[in-house]
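Engineer: model the structure of this input:
(one chain, ligands or ions: 1)
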Amino acid sequence: MRIDIITIFPDYFAPLELSLIGKARAAGILDIRLHDLRSWTHDRHNTVDDTPYGGGPGMVMKPEPWGEALDAVIGAGRATPDQGSSPDTPDGTPGPGAVPRLVVPTPSGTPFTQERARRLSEEPWLVFACGRYEGIDSRVAADAARRMPVEEVSIGDYVLAGGESATLVIVETVSRLLPGVLGNAESAVQDSFATGAMENLLEGPVYTKPAHWRGLEVPPVLLSGDHGAVDRWRRHEALRKTARNRPELLRALAEAGMAGLDRRD
Ligand SMILES: Nc1cc(-c2ccc3ccn(Cc4ccccc4)c3c2)n[nH]1
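Structural biologist: Numbering: from 1, shown residues only. This next block holds a predicted model:
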């Protein structure tokens, strides 16, 4: 997967050099490219913002730098002499003439969920537009939508100072679903909200050695070697956790018959 990130704070993405994502980049599983939006400004002050039409507080990001940046990045997705030819698609990276999905984090976007992460993880090429100030001139997304799919995404009902943190969250959530990013031991299948053994319930408690620590014991069932009993215990704990922390989720799962509440074991 290729990921392009356009931002006025490229250094914000230093964490993408680390850990699993850093390793995946080194292994060629992820091709993450950072672009400073100010590279597409032409005035002495590299201006990217201006006052909002209609008045109101704060500033809005100007459309021109974004338009030029997206033209340059998307156009560069195709085979061009100075960029080298884009690899073909057999390994899931964009081929010549490929068109990315543009992801625009915003408080007014549609909710980002694990299911949406799974869907995005199947895309060969994502471009993230990280806004700042009070947001990006709305014509930027409208113009981009003429030539590529555009998704406005909210990672939660709270207001960040810009799109960078949201982009880090989305990139991390999507990247860990890519084959080869997580080792076998950390399979993403058992995640909360992932379909699979926990049936979209929250994760229950987890334990590791030592069995006794500061007078606190590991639940004996986990040391029993009885895998059926362990599975039953884990499902019960997942149901308890979901009922306590996300009762609305449990009701929805029960109505959808997905919480396995009707199971007899
Ligand atoms: N889920 C989520 C996303 C964001 C987000 C994303 C991009 C931007 C760009 C500027 N801001 C600040 C801001 C925007 C609109 C109104 C007031 C402030 C952003 C916030 N906050 N919360």
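
Engineer: use CA for all of it now, contacts and neighbours both
Structural biologist: Will do.

Engineer: tell me the helices and strands packed up against the helix with the most length in the chain.
Structural biologist: Longest helix of the chain, by residue count under DSSP state H: helix 227-245. Other elements packing on helix 227-245 under the criterion 3 or more C-alpha pairs under 8 Å, 6 or more residues apart in numbering; DSSP states H and E are helix 247-255.

Engineer: in the helix it packs on, which residues are buried?
Structural biologist: For helix 247-255, a neighbour-count test (16 or more other C-alpha atoms under 10 Å) marks Leu249, Leu250, Leu253 as buried.

Engineer: same check, this time on stretch 8-20
Structural biologist: Using 16+ other C-alpha under 10 Å as the test for burial, stretch 8-20 gives Ile8, Phe9, Pro10, Leu16, Leu20.

Engineer: might one say that the fourth one is in contact with Ala26?
Structural biologist: No - with contact defined as C-alpha atoms under 8 Å, Leu16 does not count as touching Ala26 (11.2 Å).

Engineer: now do the shared contacts for the two.
Structural biologist: Common contacts of Leu16 and Ala26 (C-alpha atoms under 8 Å, 6 or more residues apart in numbering): none found.

Engineer: and Trp213, what are its bridge partners?
Structural biologist: On the basis of DSSP bridges, Trp213 is bridged to Leu216.

Engineer: what about stretch 151-162, average pLDDT?
Structural biologist: The pLDDT scores in stretch 151-162 average 98.

Engineer: ok, Leu223 to Arg232 distance?
Structural biologist: In this view, Leu223 and Arg232 are 14 Å apart by C-alpha to C-alpha, to the nearest Å.

Engineer: quick check: end-to-end length of stretch 151-167?
Structural biologist: With C-alpha to C-alpha as the measure, stretch 151-167 spans 13 Å from end to end.
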